[in-house]
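Enquirer: For reference, the sequence and a predicted model appear below.
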Amino acid sequence: MELEQAVRRLFAPARRPGRVGVEVELIPVTATDAPQPVDPSVLVEGFDAGFVASARPSFEPGGQLELSPPPSGTVARLVGEVDRLLARAAAIAQQRGVRLEATGTNPYHSCAQVPLRTPTPRYLAMQREFDRLGPDGRRMMRLTASLQINVDLLPGPAGREQWLVANLAGPPLTAAFANSTVVDGRPTALPGARTRIWRGIDPRRTGYDGRHLDVTDPVGAYLAFAAAAPRLPIPETADPAYHVSTLFPPVRPRGGYLELRYLDAQPPHCIGAAVAAVAGLLYHQRARRDALDLLLPRATDQQRAWSEVAAGYSPESAELLSIAGTVPASTGPVPILAGLS
């Protein structure tokens, strides 16, 4: 019962929907001919109070820098703020001999070269659990970076449509914005390296086979997913709300909003297009319905859909981007929910 209540809270709609947010991850390396991993403390020393308040910087387990500005009511305003913060972060890094790489996988290093920068009980337990199935869990924690896009969850049927579109659009959007071609410091022949890493992690925790989805009962399917996922061997997971925070599906319900986690980290000039596409697909009814017409036939075939992305393509990418482009322009000052019908 407690787990069910925790999951239902995750799917609660936003009180005042209409915002979009991002979490921008970057991989810091030394600005040298032979780049080396960077300890986060090198960058922290350059963070002033204004930057911390605006960017809310944090670090992922491998030292990846994450910037999490507040959400905005327009894509243009959000992207403008992200551009400003990225320029500031780059300047701070440059002053300390550091370069920030905007790519889905570390372009230079292997796990052996990148230590676990945040050896908390949570991350140590995650690492031990991931190690049971192979090296991809460590790769994900230490070597990958993403562009996470957050969208307020609408109430009722519109919110259920958002949840389905957010998930089913994952493979075609990930393929369209693929930006990872290196694993363990070695180039690969195909894009989609970060997706291949995620697919190598325990699907009971990641859902990269679609096991957390059901077209008619999204909450019930996610509850079954959460119940079946093994709990990390730390006391905190006795709390169901904490346990669900240790699940990492391509899209996470977060209580009031959806967190789309599947996109590779993007160069600054691509962030606006990615955010506009996601906001358009999830906020505008016509786009949602057209996307569902395109994607629902593959709702029970997510294993294959994600395997296609790992191989470097998705057959629905072009048509889905076309659908996203039919919504009212999201790059101007018009609020995101304008035109919603």
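Expert: Received it, and whenever you're ready, just let me know what you need. A quick note: this is a predicted structure, and the numbers were derived from the prediction, not measured.

Enquirer: Show me which residues of the helix or strand where Gln303 lies are buried.
Expert: Per DSSP states H and E, Gln303 falls inside helix 302-310. The neighbour-count check on helix 302-310 (16 or more other C-beta atoms under 10 Å) flags 302, 305-310 as buried. Glycine gets a C-beta too; all of them are placed from N, C-alpha and C.

Enquirer: How about residues contacting the helix or strand just after it?
Expert: As assigned by DSSP H and E, the chain's next helix or strand after helix 302-310 is helix 317-324. Residues from elsewhere that reach helix 317-324 (C-beta atoms under 8 Å, 6 or more residues apart in numbering): 169, 172-173, 175-176, 276-278, 280-281, 287, 290-291, 294-295.

Enquirer: Dump the C-alpha coordinates for helix 317-324 into PDB.
Expert: Only the C-alpha atoms of helix 317-324 are listed here, as PDB (Å, rounded to 0.1, in the frame of the first residue of the first chain):
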ATOM      1  CA  SER A 317      12.500  10.000 -36.300                       C
ATOM      2  CA  ALA A 318      11.800  12.100 -39.400                       C
ATOM      3  CA  GLU A 319       8.000  11.900 -39.200                       C
ATOM      4  CA  LEU A 320       8.000  12.600 -35.400                       C
ATOM      5  CA  LEU A 321      10.100  15.700 -35.900                       C
ATOM      6  CA  SER A 322       7.800  16.800 -38.600                       C
ATOM      7  CA  ILE A 323       4.800  16.400 -36.200                       C
ATOM      8  CA  ALA A 324       6.700  18.500 -33.600                       C
END
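
Enquirer: roughly how far is it from the heart of the chain?
Expert: Centroid displacement of helix 317-324 relative to its chain, using C-alpha atoms, centre = their mean, to the nearest Å, is 20 Å.

Enquirer: buried stuff in it?
Expert: 317, 320-321, 323-324.

Enquirer: again, but for stretch 190-210
Expert: 191-210.

Enquirer: Among those, which lie within helices?
Expert: Mapping the buried residues of stretch 190-210 onto helices (DSSP state H) picks out 193-199, 203-206.

Enquirer: Just give me the closest of the residues you listed to Ser68.
Expert: Arg194 (19.5 Å; C-beta to C-beta).
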